[in-house]
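**Student:** need a 3D model of the sequence below.
(3 chains)
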Amino acid sequence: MARKITLWVAILLLLLIGLAPVISMFAKSLFVAGELSLGNYETLFQSEREWILLSNSFLLAGSVTFITLLLGVPLGTLFSKTDLPFKKIFIILFVIPLIIPSYILATAWFYFLGRSGIVAQILGANVGIFTSRFLFGFSGVLFVMVSTLLPIVIILVMTYLRMVNPKLEEAAKLSATWPVVLREISIPIIIPGICLAGLIVFILTLGEIGVPSSLRFDVFPVESFIQFSAFYNFNAATAAAIPLGVITLIILIIERLFLRKKVFQFRVTKDPMIIIPLGEKKPLFFAAVATLAFIIAIIPLCVLLIKSLSISAYHEALTRSIDSIFRSLLYAAIGATCLTVLGFFLGYLLERKAFRFTYAVDSIAILLFALPGTVIGIGLISLWNTRATNMIYASVAIIIFGYIAQYTALGERIMAATFSQIPRSMEEAAQIVGVGWFRRLFGILIPLAKRGIASIWLVGFIFCLRDLGITMMVYPPAHDTLPVRIFTLMANSPEEVIAALCMILILITLLPLSALSLIIKNKRQKI
Amino acid sequence: MIVKMDHIFKSYDKIPAVNGISLHIEKGERVVILGPSGCGKTTLLRMIAGFVSPDKGTIEIDGLVVAKNGRSLVEPENRKIGMVFQDLALWPHKSVHGNLEFGLRAKKIPKNERNKRIDEMLVKTQMIPFKNNFPGELSGGQQQRIALARALIMEPKILLMDEPLSNLDIDLNLLLRKEVLELQEELGITMLYVTHDRDEAFSLATRVVVMQHGNIQKIGNADEVTKFLSELPVNKKT
Amino acid sequence: MRKFFVIVGLFLSMIYPSFSAAKDEVVVYVSEDQVFSEPILRDFEKDTGIKIKAVYDTEETKSTGAMNRLIAEKNNPQADVYWANEPIRAVVLKQKKISSPYISPNAKGIPPLFKDSEGYWTGFSARARVFVVSDGASDKDLEPTSILNYTDEKWKDKSVVANPLFGTTTSWVSALFVAWGDEKATDFLEKMKKNGVKISTSNGESTTLVMNKECIFSLVDSDDATNAIRDEKPVSQIYPDQEEGGLGCLILPNTAVLIKGGPNPENGKKLIDYMISAESERKLAFADCAQIPLHEGVETPPDVKKIEDIKTMEVDYEKVAEKLLEIQKYLKKWAGY
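**Tutor:** Next comes the predicted model:
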């Protein structure tokens, strides 16, 4: 009973905080001048232009997904399963582009490859024309999006590979070489994880607006965006966002059909993961990974670093943002904690199929993840901005609500994967001797799911910390976070100050992460 | 001589797991290593398979030195070894046919030949009707047979078995023991079997090796070992 | 433990400034770039002791969070004042009945053209729509003098304009429709397109294209042009249509709007008085935004023209705002969206 209530509370929170604003926006979009009408939807797909935009979006999302998987699966495999040197440093480097808000990454590349960027200054104006042509348009957007989203694939592949029963690989190793074993056994076994990574990358690319608009490649979400920014027409904007939701649902259905038959056999023994020696090829792999890390992470990082390299820039950046730095850290920590708690129970629900409609809850969470932040943001405003709920609307709570609405899917899916590793029997054994739900929760489930809980918290922290779309829409006056501050300061501020602010953002994201990993390491040593 | 191990040492974090073991196995023998969990028997098996390299000592398989002086010289896939794991380790994403085919394909055996061998092996293990099923759809006993078939189809010089029957109920355990014996005799294969169950050891072995704390305590046939065990100062069950 | 409480207390005071006892504050939503607006607001805090709580926005990146929020918050307004960076949004707010009239005593010196007669909005510190021209084309022959040059063969494929769906360019196109009538304005736009005008994402980008000599000229905001010149880029600035009887140059003032039902109306009025004062205008003229003061006789740096020296386009901003909604669909098609 207590278990049921807890799970219901989690579901209701998701419905209330996440779904309700979207439903209210959707309902309003069905009315024109007080009457039920599809007027807001009629303008959609009226012109060929919208179809072109939609196909552009698909082309982009498809290509980004394909390339991130193509690079991310081998990289994740190298990082988790081989003795590649400096793995940890590489992982941090590859994660950096994800931490930086994508519009800043695009700006860093503009500083580097733009017509009068660093490359042009060194190699001459003609080269600048060439590089700027590469940067602006499909190729540039593809490149920046791949470098932003690649770490999602790398991390998920690593996480899932760690869970593969090493005996399965050993059994194969008796007759095949490592490349064959990885290709035919390890990688196919983690297909559910790879699919999840692909799904997240696809959805995030499909909804992305910052990078395509700053690098001038027209995509479908622009449609919804124009309705907001040029017409202030919320209803039409919602209508324009609906195709994104529909596409997401279709993808979810495909995912479910495709994965239904796949069995993911997790590690059951305590055997350590097998580390494959790279042998003679080690320098080769090292060089390849180092080159990629250099291109994807070190170049933009160095561009920002070089641009910001003056004490006055950092001084200016700090005085302009010190309060928002603290707020960012605090809000992201609160947000990550809320996402962890909610994700924990919803993930439990999804994995244990505790209720009949678990897939519906999962679909809602993923749908919210896919919708543009502006739609959810306006929905949150129209729902919570009343005199009675001012306590929520005028405080940090509304930002946290925004995080929950948009990012619950991440926690839920990560937790579901974690719970699938924990045999039901562990909980049932306690249940049978009469241990109540809360005891079971704190005594068994939480300790067993520790790793998963830590990873949602970290993922949640990163996503909350870099969030711009939702925060920008709902932050109460004087509650702006660092990414918002950077975004609003970007217009007409000196480049070096913006670069310094970005460096600060990267540092404040990396510091808690590394502190946490140190704590985890120390603890492990003690055990 | 199929397997020749001389003065093998292996320790983890300075705690010895295998402490100077020498063991020779002749062709067609059924050797069972009997010992409590943690005695080093699984480590020994894994060193033969090549998943672990010994700190010291030499391992020779079918005349080929595969490990020497703390270095593994031959990769597992080139040692001509078959192995059945405790948890069977059937690949969940491959059908029965796929599980059997994987190794043959890795060894670049032509398709006709592959299919012929798979069918033969499935007939021998009475698993033909389940050719296209996935491991998750099979019963415990059927899974055991497939795991065995998968190991045998490679025609290994030696078959290593790591407590494969320990999770089965007693009836099935007895039945499968019989099947293993029949298959072994039919194929004339050399077998090294690891278990903590005396009954299992005595019913399968032509020679029993008693192991404890990383050392061999006794080698002999069933009668000799039974006698040895009963004469232990503290007659605790090993 | 005590330290812990101190830290918690510090954090709490940071997240809940709204609960602090002193309610002497004013909430302002700002669409003018934060870099320029924040110093004025800080000075207001310093001079009056009233605490500013701001939501910033940036037009440059086409984010219109502040405006969208004002509309979404209509039923329970959170803001007292809106600082728009052009008059159109202020008019939209008036039409949507979100603003409330306030005639500031400081508005007296501001020409009637730049303020709402009923006081729903008051203009101050303006930008002008001017040409930025590449020095590379120092051939005097290629220097544009009128916006009609956009349709002239001589500049075929050599000009650029920012996307008219966004920002000040929208206002400019809409003003043309009001000044010329639909037929002439549409004809102009079509001819412009035929003449190979490039469409950039923003005025900033237009300026860069001219700076890099990819285009010869572009109509941009005066602050874009002035800044490029101050950075010693090879460009110059020309006010279009200044000849006798000419169309004149479109002026887009910042506007101050009092929000209806805001939490601190009295402080809101004080802030508006402050924003539109001659002193604030002087500061904004000397800042990097180089904005043109609307009060006569306010001191400006040498590269910022005085309002009395510019022939301005006489246009009713209210009509411009109305027209803007009408022509959006056409513009969307024109810009290829």
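**Student:** I'd like to know which elements the worst-scoring helix or strand of chain A on mean pLDDT is packed against.
**Tutor:** Lowest by mean pLDDT, DSSP states H and E among the helices and strands of chain A is helix A:221-229, with a mean of 73. Helix A:221-229 sits against helix A:48-81, helix A:210-214, helix A:234-259, helix A:373-384, with contacts defined as 3 or more C-beta pairs under 8 Å, 6 or more residues apart in numbering or on different chains; DSSP states H and E. (Glycine included, C-beta is placed from N, CA and C.)
**Student:** tell me, how many residues neighbour the closest residue to chain C within chain B?
**Tutor:** With C-beta to the nearest C-beta, the shortest gap between chain B and chain C falls at B:D13, namely 39.2 Å. Close neighbours of B:D13, defined as other C-beta atoms under 10 Å in any protein chain shown, add up to 5.
**Student:** over to the one 5 residues further on?
**Tutor:** Around B:V18 sit 28 other residues, with neighbours defined as other C-beta under 10 Å.
**Student:** wait, it sits on B:H7?
**Tutor:** No - using C-beta atoms under 8 Å as the test, B:V18 is too far from B:H7 to be in contact (10.2 Å).
**Student:** can you give the contact residues for the helix of greatest length in chain B?
**Tutor:** Under DSSP state H, the helix in chain B containing the largest number of residues is helix B:170-187. When contacts are defined by C-beta atoms under 8 Å, 6 or more residues apart in numbering or on different chains, helix B:170-187 is touched by residues B:30, B:124-125, B:140-141, B:144-145, B:148, B:152, B:159, B:161, B:165, B:168, B:189, B:191, B:200, B:203-204.
**Student:** and that helix, what's buried?
**Tutor:** Buried positions in helix B:170-187, judged by neighbour count with 16 or more other C-beta atoms under 10 Å in any protein chain shown: B:173, B:176-177, B:179-180, B:183-184.
**Student:** how about stretch C:107-120?
**Tutor:** C:107, C:110, C:114-116, C:119-120.
**Student:** is any part of stretch B:132-144 close to chain A?
**Tutor:** Yes - using C-beta under 8 Å from any C-beta of the partner chain, we find that stretch B:132-144 touches chain A at B:134, B:136.
**Student:** endpoints of that stretch, how far apart?
**Tutor:** 16 Å (C-alpha to C-alpha, to the nearest Å).
**Student:** chain center to it: distance?
**Tutor:** Remark: stretch B:132-144 is offset 20 Å from the chain centroid, using C-alpha atoms, centre = their mean, to the nearest Å.
**Student:** next one: the residue of the stretch 201-337 of chain C found nearest chain A from chain B, what distance?
**Tutor:** For the stretch 201-337 of chain C and chain A, the shortest gap (C-beta to the nearest C-beta) falls at C:N212, measuring 5.5 Å. According to C-beta to the nearest C-beta, to the nearest Å, C:N212 and chain B sit 55 Å apart.
**Student:** how many neighbours does the residue of the stretch 101-250 of chain C found nearest chain B have?
**Tutor:** Closest approach of the stretch 101-250 of chain C to chain B (C-beta to the nearest C-beta) occurs at C:T201, with a separation of 47.7 Å. For C:T201, the neighbour count with other C-beta under 10 Å is 18.
**Student:** give me the pLDDT for it.
**Tutor:** Predicted confidence (pLDDT) at C:T201: the value is 80.
**Student:** next one: A:V433
**Tutor:** 82.
**Student:** give me the pLDDT value at A:A288.
**Tutor:** For A:A288, pLDDT reads 96.
**Student:** helix A:48-81 and the strand or helix carrying it, what's the angle between them?
**Tutor:** Secondary structure assigned from DSSP states H and E places A:A288 in helix A:282-293. Interaxial angle of helix A:282-293 relative to helix A:48-81 (axes from the mean of the first three to the mean of the last three C-alpha atoms, to 10 degrees): 150 degrees.
**Student:** residues making contact with helix A:282-293?
**Tutor:** A:71, A:75, A:78, A:82-86, A:90, A:93-94, A:278.
**Student:** tell me the helix or strand right after it.
**Tutor:** helix A:299-307.
**Student:** and that following helix with helix A:282-293, angle?
**Tutor:** Using the same axes, to 10 degrees: helix A:299-307 against helix A:282-293 is 60 degrees.
**Student:** near chain C at all, whatever helix or strand comes next after helix A:299-307?
**Tutor:** The helix or strand immediately downstream of helix A:299-307 is helix A:311-352, counting by DSSP H and E. Yes - judged by C-beta under 8 Å from any C-beta, helix A:311-352 comes into contact with chain C through A:323, A:326-327, A:330.
**Student:** just checking, what packs against helix A:311-352?
**Tutor:** Against helix A:311-352 (3+ C-beta pairs under 8 Å, 6+ apart) you get helix A:2-13, helix A:358-370, helix A:397-419, helix A:450-466, helix A:482-490, helix A:495-526, helix C:2-15.
**Student:** next up, phi/psi of A:L309, please.
**Tutor:** phi -70, psi 70 (degrees, to the nearest 10).
**Student:** please give me every residue in contact with it.
**Tutor:** A:E496.
**Student:** how near is it to chain C?
**Tutor:** 20 Å.
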